[in-house]
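> I need the structure of the sequence given here:
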Amino acid sequence: MPISVLSLMVCVFGITTGEFVPAGILPDIANDLDVSISSAGLLVTAYAIGMIIGGPLVTALTARYPRKRLLLILLVIAIVGNVVSALAPVYAVLFVARFITATVTSTFFANAIVIATSTAPPEKQASTVAKLILGLTLAMILGAPLGTWVGNSFGWEATFVAIAITCAVGLLLVLRFVPSVPNDVTTSAFGELKVLRKRGVQLAILVTAVGSAGQLIAFTYFAPLMTDLTGFSTAAVPILLLAYGVGATAGNLAGGWLSDRALMPSLIGMLAVTTAVLLGMWLASSNLVGTAILVFFIGALGFSIVPGMQANVLKNAAQAPTLALAVNASAYQIAVAFAAWLGGLVIDGGLGLRPVYLVAAAVTVAGILVTLFAWQRDRRPAAEPEVTATT
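So this is what the prediction gives:
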């Protein structure tokens, strides 16, 4: 792995650990700041909203800024945000700090992808993205559990200090090893937004949102599906999450390799297998061993589609890739919110937990149909004229 990509991966690990870890220290935050668990849980919501709003906005406003310098500034904001989180004397300060930190996350990730892929050959675009996303999966497997352990051992404030230190290390690595890639954008923020009028970009973002939503339904309700439905003990959930994370790491790298060779067909194939695995989890919902095995595979498949989806956006948004990638990240966060809502609707509607798998499979089928439509459109001999991003 090139040292520049490794440097960016360390940054992704630090930033996304900051996204995942609050879930493990919510009780400590609630007790220390004298708020309810549900209020503390809104810190996760604040981060998601910050990404949804901040991603497109910050990316559009910084479109013409030199990419490496922008990465360094965004890392400084992330460091300061985590330090303020650690020093927050009251809940309101922590809430605002989480929101502001989240606003730069999508922009950082989008620029990191553009820098990493700009130095990779065209046939290695998806696998290069996969190496960056490895930082995200490692944040899930190692960062979140380690951050929770730090918080439980030394106080939740120490968790945010550790994240700030990790981001600071990443900043030094970026300063030393990441090249200054030229920024070819010459348009205004308004001109950048015009890329979103391209039908290919719209479809690529829709593929991400709809294609991801199905497996996100199952992941959102992972703990009750494992304990209340299948019958695992609460103590087994972290082990099952580890299996999911290991699968995610393997699937991410395999998905990048496949997407480099056949982008849209591989996405369709992986979504089809995801549907089959979700149906398998429905059938095996009372079988401990079968469910445990399928957890690994749903983790692998859930992340196998990510590199290809990012590469699909890059392919369709060559004129303004960072903005399109940031909007794509926002679309993913909307899919997360939709998954939580739809899964909750099924459970609260009296249908119970088991049908969650069927609904997740049905949504994934919708993702396959959207991806098929986008692929068929790409293959048309006479494509629509591109919308040029001009001022």
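
> any weak-confidence spans in this structure?
Within the chain, the stretches with pLDDT under 70 are 183-192, 381-391.

> what about the longest helix in it?
helix 288-316 (DSSP state H).

> following that helix, which helix or strand comes up?
Next in sequence after helix 288-316, counting helices and strands by DSSP states H and E, comes helix 321-346.

> which parts of the stretch 151-300 of the chain are helices?
Secondary structure of the stretch 151-300 of the chain (DSSP state H, counting those that start in this stretch): helices at 156-177, 189-193, 199-220, 222-224, 237-261, 263-283, 288-316.

> ok, which of those comes nearest Thr117?
Evaluated over the helices of the stretch 151-300 of the chain, closeness to Thr117 peaks at helix 288-316, with 6.4 Å, by C-beta to C-beta. All C-beta spots, glycine's among them, are computed from the backbone N, C-alpha and C.

> and Met140, its phi and psi?
Torsion angles at Met140 (phi, psi; degrees, to the nearest 10) stand at phi -70, psi -40.

> looking at it, it is touching Phe20, isn't it?
Yes - between Met140 and Phe20 there is a contact under C-beta atoms under 8 Å: 6.0 Å.

> okay, now the domains of this protein?
With domains defined by automatic domain parsing, the chain comprises 3-184, 191-378.

> mean neighbour count for the ones you listed - can I get that in CSV?
Compiled in CSV, these are given as follows (neighbours: other C-beta atoms under 10 Å):
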stretch, mean neighbour count
domain 3-184, 20
domain 191-378, 21
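
> list of residues touching stretch 225-242?
For stretch 225-242, the external contacting residues (C-beta atoms under 8 Å, 6 or more residues apart in numbering) are 141, 145, 218, 222-223, 285-288, 291-292, 295, 352-354, 356-357.

> helices and strands around the longest helix of the chain, which ones?
If contacts are counted by 3 or more C-beta pairs under 8 Å, 6 or more residues apart in numbering; DSSP states H and E, helix 288-316 sits against helix 105-118, helix 125-138, helix 199-220, helix 237-261, helix 263-283, helix 321-346.

> Ala361: which of the ones you listed is closest?
With distances scored as C-beta to C-beta, the stretch of those nearest to Ala361 is helix 263-283 (4.1 Å).

> quick check: angle from the closest one to helix 199-220?
20 degrees (axes from the mean of the first three to the mean of the last three C-alpha atoms, to 10 degrees).

> coming back round to it: could you dump the helices of the stretch 151-300 of the chain to CSV with distance to Ser85?
Output for those, formatted as CSV (distance: least, C-beta to C-beta, whole Å):
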stretch, distance to Ser85
helix 156-177, 4
helix 189-193, 29
helix 199-220, 24
helix 222-224, 25
helix 237-261, 24
helix 263-283, 35
helix 288-316, 27
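
> picking that back up, how about the helices and strands packed on helix 288-316 in TSV, adding distance to Leu57?
Converted to TSV, these look like this (distance: least, C-beta to C-beta, whole Å):
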stretch	distance to Leu57
helix 105-118	9
helix 125-138	22
helix 199-220	16
helix 237-261	28
helix 263-283	28
helix 321-346	9
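
> now for those, which one comes closest to Gly41?
Closest among the helices and strands packed on helix 288-316, using C-beta to C-beta: helix 321-346, at 11.5 Å.

> for that closest one, the distance to its chain's centre please.
The chain centre lies 9 Å from the centre of helix 321-346; the measure is C-alpha atoms, centre = their mean, to the nearest Å.

> what packs against that helix?
helix 37-61, helix 105-118, helix 199-220, helix 288-316, helix 355-378.

> which one, of those, ends up nearest to Ala272?
For the helices and strands packed on helix 321-346, the distance to Ala272 is smallest for helix 355-378, at 6.1 Å, taking C-beta to C-beta.

> now that closest one, how far from the chain's geometric center?
Averaging C-alpha positions (C-alpha atoms, centre = their mean) puts helix 355-378 19 Å from its chain's average.

> likewise for stretch 33-47?
Centre-to-centre, stretch 33-47 and its host chain are 21 Å apart (C-alpha atoms, centre = their mean).

> could you do stretch 86-95 as well?
Centre to centre, stretch against its chain (C-alpha atoms, centre = their mean), the figure for stretch 86-95 is 25 Å.

> can you get me the start-to-end distance on that stretch?
By C-alpha to C-alpha, to the nearest Å, the extent of stretch 86-95 from end to end equals 12 Å.
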